[in-house]
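just the structure for this:
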Amino acid sequence: MTNTCFIYCRKSSEDKDRQILSLNDQENICLELAEDKGLVVLGVYKESKSAKRPDKRPEFKALLSRLANGEASRVLCWKADRLCRNAKEGGTLIDKVDYEDLKIVTPSMDYDRNNSTFLFIEFGMATKFSKDLSDNVKRGLNTKLQMGWKPGKAPMGYLNDHIKPKGQKEILPDPERFDLCRKWWELMLTGDETVESSLKKITALGLRSTRTGKAVSTTEAFRFFRRVFYTGLFEYKGERYKGKHRPMVTISEFNRVQNIIDGRKNIIKNNNNFYFMRILKCGECGASITAEVHTRKYKNGKSQFFAYARCTKKSGNCSQPFLNADKLEDQVKMFVEDLEISPDLVEWVRANLKRRNEKEFEFERIQKGKLTKKLDGILIEKKNLYGMKIEGLISEDEYQKEKSRLLTEETQTKKAIEGDGIDSWTAVMEETLHFASKLTLLFDAAKHNPEARRVILRILGSNLELKDKKVRITAEKAFMFLKLLEKSRNPENSPLEPKNMLKDGDNSLFFPIHSPNERETGFEPAASSLARRRSTTELFPQKFSKITKLIVHSKCLIVNNYIN
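Numbers count the residues shown, from 1 in each chain. Predicted coordinates:
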């Protein structure tokens, strides 16, 4: 037994980037050492495990078990700290050296009962090194988190900066994938895609996984849309932090996609895709309007197709007759044409908008002052919340929940402060005027794009119904406002009401369109019937606040994705 030994080789997971001998090199050195000392090797134990925590290494346990059986009295290793880096296992080995005649042999020194004190030093230094390394890593991670950089590999669409020194590395947009990933979010934001269908489209456009270089898997796709990282925030070990990386989507866009994913059930596919489907409802029973295509064949061999719109009658008995799709088309086009405004009105509104900015600037200055005070209050709340956590007044779960809420409010408030409301509002109004003056052109250009026409009609009106062979649409107040403004400036123009369905249809089109809750600033048409007790030279900007945002987004969607 005195001339037998075991060889133990270990390479820690933390040593990947450091100049530590590989396992095979350690084994070769120990075999040469055994040959020089005339020892018989009974077994070689090799593993790639960290030794800073006890009872985590199966090969080391097997070695100790054989030593306990008395099979050998020597252990050969490249260096003493390869055996352990923690006090528990170190004490076990030293106890065997002191009381069981175990010898630990290395190329530089032999450890036995006479010099076991050196093992205390070796193991103690190794243990301290592990602790210092752990503390330094944690300290570095905390610093990085406070700086706003998420530790670890950047998600798809971003890249880790490998140029800057350690501790200062940033997360940068991936020039090859960032725009494609943003396009993927935009596909989901339309509300017409599932994760699977949008994945097929974005793969066709060239998006590939950062991890594999191949097409993104379905699992990775769902994980992509669940990452709050894309909003400019990130989560690490259960806590949420504000990141410094460039956001890909806003928080509201992120939440909307979550609702789309969570709320989507079965998608009904239909081969017919007339634009009035999925948008028109039956005015009698409320069921959906569908399309039927009939073919008439003639004796000369030719055939002709006829399309009809009818109620699906899924809500019960319904007496509504069908309507030829061409006649339905004529009614809808007349509705669109009657809401289109003239270029003269566009120029008049543009000229008057210049007079509005001075008042709006003062209002915006006051609003930003309030937001700044709100931001100061959020910072105080964050400080007080942390103090309550330190003093043990609230639980960890309560702290994390409140911290997440305050961080979201802080992000939204800062964004509101940084935004330029006047320029933004002016741009929105410009988009609205351009859209309203090009309605017929846009609708005709979208002749072969049913979804584009649906978007246009959803922008222009609501409560779209088909009853008694007439299309009834409640026009949005913003467009009615513009038309009444145009009529008040040009009383000699033809009547506002369309020649058929609008005149005999929904009278809610012509209700007063002002609201007592709207702010009384800006410009208003010179028509006392539209705004009682107010100046006839000002126009309400708030009449457009909600609808114009939808118009801008949808109009861009139409132009970029459908018409072009």
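
from here on, just use CA atoms for contacts and neighbour counts.
Noted.

so what's residue 36 up against?
If you count contacts by C-alpha atoms under 8 Å, 6 or more residues apart in numbering, residue 36 has none.

any idea how far it is from residue 351?
99 Å (C-alpha to C-alpha, to the nearest Å).

how about residue 377?
For residue 377, the distance to residue 351 - C-alpha to C-alpha - is 41 Å.

equivalent analysis for residue 5, please.
In terms of C-alpha to C-alpha, residue 5 sits 96 Å off from residue 351.

between these two, tell me which one has more neighbours.
A side-by-side neighbour count of residue 5 and residue 351, using other C-alpha atoms under 10 Å, places residue 5 first with 24 against 11.

ok, the more buried one to residue 95 distance?
Distance of residue 5 to residue 95, given as C-alpha to C-alpha: 18 Å.

what of residue 106?
18 Å.

what's the answer for residue 349, then?
From residue 349 over to residue 95 the distance is 93 Å, taken as C-alpha to C-alpha.

more neighbours, the two?
residue 349 (19 against 15).

is it true that the more buried one lies in a helix?
Yes - assigned with DSSP: H, G, I helix; E, B strand; the rest coil, residue 349 falls within a helix.

against residue 478, how distant is it?
With distances taken as C-alpha to C-alpha, residue 349 is found 14 Å from residue 478.

with residue 392 instead?
For residue 392, the distance to residue 478 (C-alpha to C-alpha) stands at 54 Å.

so for the two, which sits in the more crowded spot?
Taking neighbours as other C-alpha under 10 Å, residue 392 and residue 478 compare with residue 478 leading, 21 against 10.

how about the helices in the stretch 101-250 of the chain?
Assigned by DSSP state H, counting those that start in this stretch, the helices in the stretch 101-250 of the chain fall at 117-147, 178-189, 195-204, 218-226.

before we move on, what about the stretch 251-400 of the chain?
Here the stretch 251-400 of the chain has its helices, by DSSP H, counting those that start in this stretch, at 251-263, 325-339, 343-390, 396-418.

CA atoms only for stretch 77-97, dumped as CSV, please.
Only the C-alpha atoms of stretch 77-97 are listed here, as CSV (Å, rounded to 0.1, in the frame of the first residue of the first chain):
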residue,chain,number,x,y,z
CYS,A,77,-2.0,16.3,-8.0
TRP,A,78,-0.5,19.2,-10.0
LYS,A,79,-1.1,21.7,-7.2
ALA,A,80,-2.7,21.4,-3.7
ASP,A,81,-5.5,23.9,-4.5
ARG,A,82,-6.7,21.4,-7.2
LEU,A,83,-7.9,19.2,-4.4
CYS,A,84,-10.1,21.8,-2.7
ARG,A,85,-11.0,25.5,-2.2
ASN,A,86,-13.2,25.2,0.9
ALA,A,87,-12.7,24.8,4.6
LYS,A,88,-14.8,21.6,5.0
GLU,A,89,-13.1,19.4,2.4
GLY,A,90,-9.7,21.0,3.2
GLY,A,91,-10.1,20.0,6.9
THR,A,92,-11.0,16.4,5.9
LEU,A,93,-7.8,16.1,3.9
ILE,A,94,-5.6,17.7,6.5
ASP,A,95,-7.1,15.3,9.1
LYS,A,96,-6.2,12.3,7.0
VAL,A,97,-2.6,13.7,6.6
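
can I assume residue 46 sits in a strand?
Yes - under three-state DSSP, residue 46 falls within a strand.

state the pLDDT value of residue 509.
Among the per-residue scores, residue 509 holds a pLDDT of 34.

could you find the closest non-adjacent residue to residue 44?
Among residues not flanking residue 44 along the chain, residue 7 sits closest, at 4.7 Å (C-alpha to C-alpha, 6 or more residues apart in numbering).

show me what the helix or strand hosting that neighbour packs onto, helices and strands only.
Here residue 7 sits within strand 4-10, counting by DSSP states H and E. Counting contacts by 3 or more C-alpha pairs under 8 Å, 6 or more residues apart in numbering; DSSP states H and E, strand 4-10 packs against helix 23-37, strand 40-47, strand 74-76.

what comes into contact with the second one?
Contacts to strand 40-47, defined as C-alpha under 8 Å, 6+ apart, come from residues 3-11, 23, 27, 31, 34, 57, 59-60, 63, 72.

change it to 7 Å
For strand 40-47, the surrounding residues in contact (C-alpha atoms under 7 Å, 6 or more residues apart in numbering) are 3-11, 23, 34, 59.

max pairwise distance over these: which two?
Distance extremes for those: the farthest pair is 3 and 11 at 26.6 Å, using C-alpha to C-alpha.

so those two - more neighbours on which side?
Legend: neighbour count by other C-alpha under 10 Å for residue 3 and residue 11, higher for residue 11 (19 against 13).

where does the stretch 151-300 of the chain have low pLDDT?
Applying pLDDT under 70 to the stretch 151-300 of the chain flags the ranges 165-168, 264-273.

cutoff 80 now
152, 162-169, 237-239, 263-273, 278, 299 (pLDDT under 80).

what ranges does it have for its strands?
Remark: strands assigned in the stretch 151-300 of the chain by DSSP state E, counting those that start in this stretch are 158-160, 171-173, 233-236, 239-242, 281-282, 289-297.

between the ones you listed, which gets nearest to residue 485?
Nearest to residue 485, of all the strands of the stretch 151-300 of the chain, is strand 281-282, at 30.4 Å by C-alpha to C-alpha.

so which elements touch that closest one?
Here strand 281-282 touches strand 461-467, going by 3 or more C-alpha pairs under 7 Å, 6 or more residues apart in numbering; DSSP states H and E.

angle of the strand it packs on against strand 289-297?
Orientation of strand 461-467 against strand 289-297 (axes from the mean of the first three to the mean of the last three C-alpha atoms, to 10 degrees) gives an angle of 50 degrees.

mind checking what helix or strand follows strand 461-467 in sequence?
Using DSSP H and E, the next helix or strand after strand 461-467 towards the C-terminus is strand 470-475.

for that following strand, packing partners?
With contacts defined as 3+ C-alpha pairs under 7 Å, 6+ apart, strand 470-475 has these neighbours: strand 461-467, helix 501-504.

these: lowest mean pLDDT?
helix 501-504 has the lowest average pLDDT among these, namely a mean of 37.

and residue 305, what are its bridge partners?
Under DSSP bridges, the beta-bridge partners of residue 305 are residue 295.

residue contacts, it?
The neighbours of residue 305, taking C-alpha under 7 Å, 6+ apart as the test, are 293-296.

switch those residues over to CSV; also include neighbour count and distance to residue 224.
CSV is the format used below for these (neighbours: other C-alpha atoms under 10 Å; distance: C-alpha to C-alpha, whole Å):
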residue, neighbour count, distance to residue 224
293, 11, 41
294, 11, 45
295, 10, 47
296, 9, 50
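
of those residues, closest to residue 326?
Checking the contacts of residue 305 against residue 326 by C-alpha to C-alpha gives residue 293 as the nearest, at 12.2 Å.

how far away is that closest one from residue 28?
82 Å.

re earlier: for the contacts of strand 40-47, which single residue is the most surrounded?
Most surrounded of the contacts of strand 40-47: other C-alpha under 10 Å gives residue 10, at 29 neighbours.

tally of neighbours for the residue nearest to it when sequence neighbours are not counted?
Of all residues not flanking residue 10 in the chain, residue 47 sits nearest, at 5.1 Å (C-alpha to C-alpha, 6+ apart). Applying other C-alpha under 10 Å, we find 15 residues neighbouring residue 47.

confidence score at residue 47?
Looking at residue 47, its pLDDT is 89.

same question, residue 426
68.

could you do the one 3 residues further on as well?
The pLDDT attached to residue 429 in the predicted structure is 74.

mark out where each domain of this structure begins and ends.
The chain resolves into domains spanning 4-132, 158-263, 281-340+438-563, 343-432 when parsed by automatic domain parsing.

and of these, who's closest to residue 144?
When these are compared by C-alpha to C-alpha, domain 158-263 sits nearest residue 144, at 6.6 Å.

for that closest one, the distance to its chain's centre please.
Domain 158-263 sits 6 Å away from the centroid of its parent chain (C-alpha atoms, centre = their mean, to the nearest Å).
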